[in-house]
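[1] Provided below for reference: sequence and predicted model.
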Amino acid sequence: MFGGEYIIIRKFVSAVMACVLVMLSFFLTGQTDFAIIVGIYLFPILLIYGVPASILSDFVTKKLISFPRVILALIVHLFLAALFVVIPALFSSSEIFNFYLIISLLSSFLFYCIDEFLRSKLAKYLYQKILLSKRAKALCEKIGDMRI
């Protein structure tokens with residue numbers, strides 16, 4: 001389960017959770033309508049650009065271990081997030097460049113943190129513990145036996 005398909009699932013979950021956390025930050029400030037608009041635009045960007053950028057980060061840092069890998073992976077995530085905003089800003093005269101840069105860096109940082117947690121030993125342990133739990137199996141069996 002921890003092969004190539006696990007990486008794609010982990011990246012997808014990281015993208016969804018990062019989008020939800022960014023939206024939640026706007027919900028908490030009372031900007032409900034704006035949070036929905038941000039989520040509508042941010043989620044496809046995270047899937048189309050963020051997931052491949054994160055896979056590239058994993059590829060670049062795969063030979064490193066421990067702290068140097070973590071730092072380099074964070075730098076790659078943040079650099080590619082900034083690059084996504086800076087290049088279009090060079091060709092336009094937009095005054096909201098800082099806002100887009102902050103959202104881009106925030107979502108990239110959250111994506112990175114969630115992805116690092118999901119690849120940690122703690123997350124793998126929790127996954128195995130929940131998967132092998134008798135309660136979880138019983139609940140899944142009850143849900144599977146439900147008929148409409």
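    Ah, there it is. Numbering: from 1, shown residues only.
[2] so where is the chain shaky, pLDDT-wise?
    Where the chain drops to pLDDT under 70, the residues are 1-4, 93-94, 131-132, 140, 144-148.
[3] then stretch 87-102 to CSV, C-alphas only?
    What follows is stretch 87-102, C-alpha atoms only, in CSV (Å, rounded to 0.1, in the frame of the first residue of the first chain):
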residue,chain,number,x,y,z
ILE,A,87,5.8,34.8,-13.6
PRO,A,88,2.3,35.9,-14.5
ALA,A,89,2.8,39.0,-12.4
LEU,A,90,5.7,40.1,-14.6
PHE,A,91,3.4,40.3,-17.6
SER,A,92,0.6,42.2,-15.9
SER,A,93,0.1,45.3,-13.9
SER,A,94,-1.9,44.0,-11.0
GLU,A,95,-1.9,45.6,-7.6
ILE,A,96,-3.1,42.5,-5.8
PHE,A,97,0.2,40.6,-6.4
ASN,A,98,1.0,40.5,-2.7
PHE,A,99,-2.4,38.9,-1.9
TYR,A,100,-1.9,36.2,-4.5
LEU,A,101,1.7,35.6,-3.3
ILE,A,102,0.6,35.2,0.3
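[4] What lies in contact with that stretch?
    82, 85-86 (CB atoms under 8 Å, 6 or more residues apart in numbering). (Glycine included, C-beta is placed from N, CA and C.)
[5] Pick out the one among those with the largest number of neighbours.
    residue 85 (17 neighbours; other CB atoms under 10 Å).
[6] and it, what does it touch?
    Counted by CB under 8 Å, 6+ apart, residue 85 has contacts 97, 100-101, 104.
[7] Among the residues you listed, which lie within helices?
    Secondary structure from DSSP state H places 97, 100-101, 104 of these in helices.
[8] what would those look like in TSV with neighbour count and distance to residue 63?
    Putting the ones in helices among the contacts of residue 85 into TSV (neighbours: other CB atoms under 10 Å; distance: CB to CB, whole Å) gives the following:
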residue	neighbour count	distance to residue 63
97	15	35
100	15	33
101	16	31
104	22	28
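[9] From these, pick the one nearest residue 77.
    residue 104 (10.6 Å; CB to CB).
[10] Would you confirm that that closest one contacts residue 80?
    No - here residue 104 does not reach residue 80: they are 9.4 Å apart, not a contact under CB atoms under 8 Å.
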